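Q: this one's sequence-less:
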């Protein structure tokens, strides 16, 4: 229950209030409760000097400050899906993880590329497919780190918790940490031990269908299921290309996974360059 004191809201008693998950696309840290076929998400409301915020979220003003844009631009990014967040009445809260990711990528050199170009680069690095002269120039002129940043701008990542992880794993094109052994013995040796998370792109169903099927609950901090998707939700391959596995691994928050992924991107780029000299 909430009351307002001296113009500022504060929590009293139980501070949990039910909120509905909209379209499976929010990033609330929550626990799914199934009751009479209705699903609810419990979100923790926390008082602060700036008003109420939800755990795992930041205000649009804070997101604007960190990203170097106006609050209006942040709202535009939320409504167009470039940032994930939750609309509460007339205000937006922005996923802290989404801001972290975009803040990191915004400092990468080079112009962003479209999802179509990103997929073309991934395919070429994986199997040597032909590119346009402009696309070839991207590989030639950018470092491995810059290629990772360029492609990553076209891929959204969200973490989820579930009590039935196998339901998600059965419908994923695996990528990143869980598929890095496909990049060769050198990459696989760097990840000896148990895989911490399952990363993948939806397979055989849409993103929203997978969220519902596997009973996934957004959890930015502790989620063990990590869903990837291109911003246009197109995945044209029968299995995850090697370059995409490497690029996704290079974005991981675990240093050993990130290093193995970046090394693999470097090897793929060098191989591509060697074939054209």
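A: Sure, I can see it. Note that the coordinates shown come from a computational prediction; the quantities given were computed from them, not determined experimentally.
Q: Do a quick rundown of the helices in the chain.
A: Using DSSP state H, the helices of the chain run over 60-67, 71-79, 96-106, 115-127, 133-141, 144-152, 165-169, 185-189, 207-213, 242-250, 255-274.
Q: Find the residue closest to residue 195 in space, skipping its chain neighbours.
A: Closest residue to residue 195 apart from its sequence neighbours, by CB to CB, 6 or more residues apart in numbering: residue 178 at 5.1 Å. For glycine as for every other residue, the C-beta is placed from the backbone atoms N, C-alpha and C.
Q: how many other residues sit next to that neighbour?
A: Neighbour count of residue 178, defined by other CB atoms under 10 Å: 23.
Q: re the thing from before, among the helices of the chain, show me which one is buried the most.
A: helix 242-250 (a mean of 28; mean count of other CB atoms under 10 Å).
Q: Domain map for the chain?
A: 2-105, 112-274 (automatic domain parsing).
Q: Please convert the ones you listed to a markdown table, extending it with mean pLDDT.
A: Below are the domains of the chain laid out as a markdown table (pLDDT from 0 to 100):
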| stretch | mean pLDDT |
| --- | --- |
| domain 2-105 | 60 |
| domain 112-274 | 90 |
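Q: Just want the most central residue of the protein.
A: residue 157 (1.4 Å; CA atoms, centre = their mean).
Q: Identify the bridge partners of that residue.
A: On the basis of DSSP bridges, residue 157 is bridged to residue 228.
Q: Identify the residues contacting it.
A: Residues in contact with residue 157 (CB atoms under 8 Å, 6 or more residues apart in numbering) are 101, 226, 227, 228, 251.
Q: Against residue 201, how distant is it?
A: 10 Å (CB to CB, to the nearest Å).
Q: Overlap of the contact sets of the two?
A: Joint contacts of residue 157 and residue 201 (CB under 8 Å, 6+ apart) are 227, 228.
Q: what's the burial count for residue 114?
A: Neighbour number of residue 114 under other CB under 10 Å is 12.
Q: OK, contacts around it?
A: residue 154.
Q: how about 10 Å then?
A: 120, 153, 154, 231, 232 (CB atoms under 10 Å, 6 or more residues apart in numbering).
Q: and if you look at residue 99?
A: 57, 58, 62, 63, 64, 65, 66, 67, 74, 83, 84, 85.
Q: of all these, which two lie farthest apart?
A: Among the contacts of residue 99, the pair separated by the greatest distance (CB to CB) is 65 and 84, at 18.3 Å.
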